[in-house]
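S.K.: Sequence and computational prediction follow.
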Amino acid sequence: METLYHSTRSADELVTSKQAILAGIAPDGGLYVSDQLGQERVDVAMVAAQDYHATARDVLGILLSDYTADEIASCVAGAYGENFDTPSVTPLAPLGADWLLELYHGPTCAFKDVALQMLPRLMSVAREGDGHTVMIVTATSGDTGKAALEGFADVPGTGVTVFYPDGKVSDIQRLQMVTQSGANVAVAGIRGTFDDAQTQVKGIFADAGVGARLAEAGTVLSSANSINVGRLVPQVTYYMDAYAQLVRRGAITLGDAVDYCVPTGNFGDVLAGYYAKRLGLPVGRLIVASNTNKVLTDFIETGTYDRRRTFAKTISPSMDILVSSNLERLLYHLTDGDCERVSTWMGELSERGAYTLPTELMDRMRETFACGFATDDDTRAAIRRTWEDERVLIDPHTAVGACVLGRRASEGRARVCLSTANPYKFSADVLAALGVETGGMDGFACMDALQELTGVEAPVRLSGLRRAAVLHPDVCDQSEMAGFVEAACARVFA
């Protein structure tokens, strides 16, 4: 059975998963979804007895069914090899009475690698023989940018342009992006927030003039943000694999439900857990953990999504988001595929900055989703407590999840906190949370001090950045982003 996709805002045009992945976003601005989600399910008993690679092949085979088994096997083998520093890809570790799912063992030390080592391979297979060049255009709140650059660098026939909010990512995150080598990459900071960058990127995709000019040169645009279904699908695997690890450790019995706590801003990472549940994984609660920009917490508690609030710059910058794009996919599934209602809500969000769901839909959502938030002070306390009590060093995003999880009473199920980044990506904030004064210290001085204090070694992939040359110093206004993309296409595909 071939799995077909269409926009969350209209079911008029059906596309294959290959077409959806290449397009990134639907022509009407909606996100690609499939009405067949859940019709075919993963054999959880089989998952418990196999490795990460086999589970990835199973998940992708169901959700991306127009790829052949050989194509999927090749993509999985290429995505999860020596580029990850552990053969288990996403290992599970104890965290007191709970568990920590370490998602940061890939080349950029963040969870985005799990999907963005896969996406370029899926795209390369999808575009074989189509005669087009593809420019990936991505907004990042910190981690997606480097993971996209790393994944797409020097991929033939493909370019990648990344925009990040200047001054609103960590020193290490910025250096990871601006030092990226590759003849086909372009990077620019923007004067604004991640939401500003994401809005402008969506506008570039919707700009018929930009599209027509690029089409004349044989170039199409696509996205590596989690709005691309090719980003979302690979993330489903690590929920499945975490469950398998718990079974093999004897922490649960096959069939037991498990709670997952997910620090998230754009709602993509936690939505992957919902997809895993629809595929048959025994999921109890999906706990949405927010920072001070708690638009998702307020939504789950009240039923009103309202982005009209003051933006807060926090020590968990990858979650500093007020417009959670992937929530649109959940709205589609909650309404059993009512494109008209989803389109109306998205229009209200765009035009007046808010929308409200009816009580019956929120009740349905709360059957699976719970929520909580942590301030920066809460986050620092969680970092310090986790180190002092467990001798486990965590980054600020993971600490948001750990804080929210720690406040919730156990419902008698095993609980997994997703750990989304290596703590050394945020050395200054982690060091300060452990009580060290960091005034006047740059990111690398903080990295060295954190190593000395804890004895935990920084990954060479991060410590080596101190010797890397800055190759992409550009900073632009939001109004200049479209021109930057067109100029990048002209240079990369000359």
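M.R.: All right, it came through fine.
S.K.: Excluding residues flanking it in the chain, which one is nearest Val475?
M.R.: Nearest residue to Val475, sequence neighbours excluded (C-beta to C-beta, 6 or more residues apart in numbering): Gly189, at 4.2 Å. Quick note: C-beta positions are derived from backbone N, CA and C, even for glycine.
S.K.: what are the bridge partners for the one you found, then?
M.R.: For Gly189, the beta-bridge assignment (DSSP bridges) gives partners Tyr164, Val475.
S.K.: what's around it, how many residues?
M.R.: Using other C-beta atoms under 10 Å, Gly189 has 22 other residues around it.
S.K.: what's the pLDDT at it?
M.R.: On pLDDT, Gly189 comes in at 97.
S.K.: again, but for Ala494
M.R.: So Ala494 comes in at 88 (pLDDT).
S.K.: for Met1, same thing?
M.R.: 65.
S.K.: With Asp376 instead?
M.R.: 98.
S.K.: Test my guess that the residue nearest to Val475 contacts Asp474.
M.R.: Yes. Taking C-beta atoms under 8 Å as the definition, Gly189 is a contact partner of Asp474 at 7.1 Å.
S.K.: can you map out the helices along the stretch 101-250 of the chain?
M.R.: 112-116, 119-126, 143-152, 171-178, 194-206, 208-216, 229-249 (DSSP state H, counting those that start in this stretch).
S.K.: same check, this time on the stretch 301-450 of the chain
M.R.: 327-334, 339-352, 359-366, 376-390, 396-407, 427-433, 443-454.
S.K.: and Ala93, that's in a strand?
M.R.: Yes. Applying DSSP: H, G, I helix; E, B strand; the rest coil, one finds Ala93 inside a strand.
S.K.: Setting aside sequence neighbours, what's the nearest residue to it?
M.R.: With C-beta to C-beta, 6+ apart as the criterion, Ala93 has its nearest non-adjacent residue at 4.8 Å, and that residue is Leu100.
S.K.: What lies in contact with the helix or strand containing the one you found?
M.R.: Element membership for Leu100 (DSSP states H and E) is strand 98-102. Applying C-beta atoms under 8 Å, 6 or more residues apart in numbering, the external contacts of strand 98-102 come out as 90-94, 238, 242, 246, 251, 392, 394, 398, 405, 414-419.
S.K.: Buried only: go through those residues for me.
M.R.: With neighbours counted by 16 or more other C-beta atoms under 10 Å, these contain buried members at 90-92, 238, 242, 246, 392, 394, 398, 405, 414-419.
S.K.: now, among these, which is nearest to Leu434?
M.R.: Ile394 (11.2 Å; C-beta to C-beta).
S.K.: The closest residue to the closest one other than its chain neighbours: how many residues sit nearby?
M.R.: Excluding its sequence neighbours, the residue lying closest to Ile394 (C-beta to C-beta, 6+ apart) is Thr386, at 5.3 Å. Residue crowding around Thr386 was assessed by other C-beta under 10 Å; the count is 23.
S.K.: now swap in Arg413 and tell me
M.R.: Using other C-beta under 10 Å, the number of residues around Arg413 comes to 15.
S.K.: for it, what are its contacts?
M.R.: Going by C-beta under 8 Å, 6+ apart, Arg413 touches Asp256, Ala257, Val258, Asp259, Gly284, Arg285.
S.K.: Check the residues you listed and tell me the two furthest apart.
M.R.: Counting by C-beta to C-beta, the most remote pair of the contacts of Arg413 is Asp256 and Arg285, 13.3 Å apart.
S.K.: neighbour count winner among the two?
M.R.: Legend: neighbour count by other C-beta under 10 Å for Asp256 and Arg285, higher for Arg285 (21 against 15).
S.K.: so that one, which of the three states?
M.R.: Under three-state DSSP, Arg285 falls in the strand class.
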